[in-house]
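S.K.: dropping the sequence and predicted coords here.
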Amino acid sequence: MLRFSVIIPVYNRPDELHELLDSLTRQTLKPYEVLVIEDGSGIKADTVAEQFRNQLNIHYFFKENTGQGFTRNFGFERATGDYFVIFDSDALVPPHYFETVARHLATDWLDAYGGPDAAHPDFTPIQKAISYSMTSPFTTGGIRGSKKNLGGQFHPRSFNMGLSRKVWETIGGYRISRMGEDIEFAIRIIENGFKTGLIHNAFIYHKRRTNFGQFFRQLRFFGRARINISRFYPSQLKLVHTFPALFTLFVLSVPVWALISPLLFWPAIGILVLFSVLIFVDATGQEKNMQVGLLSVVAAFIQLIAYGVGFISEGWKRLREPKTHRESGVNMDYPS
């Protein structure tokens, strides 16, 4: 039986950590060990970890703040299991998770896997709307549950990801700590010939952000991260990644069409209304809740526009950089 080492970076989120650790105690197949790595938090979670000492083989570490990627590396270096599993601290793990993963790996081995995210029934309407937007095929979110990345092998994401010890020992850990660190990590895993895939039933409940302001800032950062990856791998920047930016420019142009020509303005409004109706109907159908459906429309616009703003701003910065500015082995981590 595989020994799963769970690695959890934490930054100023003791309450979320408590919920995550509690969900790990309810597993039908308990993880071998749990490593909680506090990334220089001002609000420490050591007492939270201590509460689970008798229920989990838990190890708590405190280190200076270096970002999620390097904090995960800290965990890799200290893990003693066969297979490393990474969760964000705002995750809730269903009881069947590790049993599902172990069963899949026993019949169809993956050197690294990713799992989908979902909304827990107890989430607030805004959290459910944000979860819908981040997983909907009508936004950029559908790819998170796709079995393959755009035209290629599946790229796991670090909010719900596992990798074998061999992967870690072969390629090392994260080279950058923020700004798309999980994308860069997945690219190197695949480039080194390891088999990756989606374990569809290995889902987690991802709490994400609890209000739209936080959601906007997070997605703006995601847009910037996509451009940052192009500094390392220019070929990874594809046409589909520009869609949120084009959507953002389209939305911002609508008031201009009103001044120039009503013949252009009303069709533009019609497109936005149609998009909103599609989101509302699909989200309401999935959640059986009209309030979540309406909030999902707001979340979808925020997701696309925030990502687009981040993509455009970082893209403009990228265009102004010297042509010789390429991977230098340092953390390209710009302030958000």
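M.R.: Received it, and whenever you're ready, just let me know what you need. In this text the structure is predicted, and so the values were computed from the model without any measurement.
S.K.: every contact and neighbour count from this point should use C-alpha atoms.
M.R.: Fine.
S.K.: using CSV, list the CA coordinates for the one helix or strand Arg220 maps to.
M.R.: Using DSSP states H and E, Arg220 maps to helix 212-232. This file holds the C-alpha atoms of helix 212-232, laid out as CSV (Å, rounded to 0.1, in the frame of the first residue of the first chain):
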residue,chain,number,x,y,z
PHE,A,212,-16.0,39.0,-5.0
GLY,A,213,-13.3,41.5,-4.1
GLN,A,214,-11.0,38.7,-3.1
PHE,A,215,-12.0,36.7,-6.1
PHE,A,216,-11.1,39.6,-8.4
ARG,A,217,-7.7,40.0,-7.0
GLN,A,218,-7.0,36.3,-7.2
LEU,A,219,-8.0,36.0,-10.8
ARG,A,220,-6.1,39.1,-11.8
PHE,A,221,-3.1,37.4,-10.3
PHE,A,222,-3.9,34.3,-12.4
GLY,A,223,-3.9,36.4,-15.6
ARG,A,224,-0.5,37.8,-14.7
ALA,A,225,0.8,34.3,-14.0
ARG,A,226,-0.1,33.1,-17.4
ILE,A,227,2.2,35.7,-18.9
ASN,A,228,4.9,34.9,-16.4
ILE,A,229,5.0,31.3,-17.6
SER,A,230,5.7,32.6,-21.1
ARG,A,231,9.0,34.0,-19.7
PHE,A,232,10.1,30.4,-19.2
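S.K.: can you name the element that comes right after it?
M.R.: Next in sequence after helix 212-232, counting helices and strands by DSSP H and E, comes helix 243-260.
S.K.: which strands and helices sit next to that next one?
M.R.: If you count contacts as 3 or more C-alpha pairs under 8 Å, 6 or more residues apart in numbering; DSSP states H and E, helix 243-260 packs onto helix 262-287, helix 290-319.
S.K.: of all those, which one is nearest Ile130?
M.R.: For Ile130, the closest of those is helix 290-319, at 5.6 Å, according to C-alpha to C-alpha.
S.K.: tell me the contacts of the residue most central in space within the chain?
M.R.: Computing the C-alpha centroid of the chain and ranking residues by C-alpha atoms, centre = their mean puts Phe159 first, at 5.0 Å. Going by C-alpha atoms under 8 Å, 6 or more residues apart in numbering, Phe159 touches 86-88, 91.
S.K.: ok, the residue nearest to Asn228 when sequence neighbours are not counted - how many residues close by?
M.R.: Spatially, and ignoring its direct neighbours in sequence, Asn228 is nearest to Met179 (6.2 Å; C-alpha to C-alpha, 6 or more residues apart in numbering). As a burial measure, Met179 scores 25 neighbours (other C-alpha atoms under 10 Å).
S.K.: what do you get for the one 3 residues further on?
M.R.: The number of residues packed around Asp182, counting by other C-alpha under 10 Å, is 23.
S.K.: now swap in Ser41 and tell me
M.R.: 17.
S.K.: that one and Pro14: what is the separation?
M.R.: According to C-alpha to C-alpha, to the nearest Å, Ser41 and Pro14 sit 10 Å apart.
S.K.: do the same with Gly180
M.R.: Separation of Gly180 from Pro14 (C-alpha to C-alpha) stands at 24 Å.
S.K.: can you tell me how far Lys44 is from Asp182?
M.R.: 25 Å.
S.K.: scratch that, Met1 is what I was asking about
M.R.: In terms of C-alpha to C-alpha, Met1 sits 27 Å off from Asp182.
S.K.: quickly list the domain ranges of this structure.
M.R.: 4-209, 227-319 (automatic domain parsing).
S.K.: in the stretch 51-200 of the chain, which spans are strands?
M.R.: Along the stretch 51-200 of the chain, counting by DSSP state E, counting those that start in this stretch, strands occupy 58-63, 83-87, 91-92, 112-114, 117-118, 160-164, 196-198.
S.K.: export these as JSON lines, with columns for mean pLDDT, distance to Lys207 and mean neighbour count.
M.R.: JSON lines is the format used below for the strands of the stretch 51-200 of the chain (pLDDT from 0 to 100; distance: least, C-alpha to C-alpha, whole Å; neighbours: other C-alpha atoms under 10 Å):
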{"stretch": "strand 58-63", "mean pLDDT": "97", "distance to Lys207": "23", "mean neighbour count": "16"}
{"stretch": "strand 83-87", "mean pLDDT": "97", "distance to Lys207": "12", "mean neighbour count": "23"}
{"stretch": "strand 91-92", "mean pLDDT": "94", "distance to Lys207": "6", "mean neighbour count": "24"}
{"stretch": "strand 112-114", "mean pLDDT": "97", "distance to Lys207": "17", "mean neighbour count": "27"}
{"stretch": "strand 117-118", "mean pLDDT": "86", "distance to Lys207": "9", "mean neighbour count": "22"}
{"stretch": "strand 160-164", "mean pLDDT": "96", "distance to Lys207": "12", "mean neighbour count": "23"}
{"stretch": "strand 196-198", "mean pLDDT": "95", "distance to Lys207": "20", "mean neighbour count": "22"}
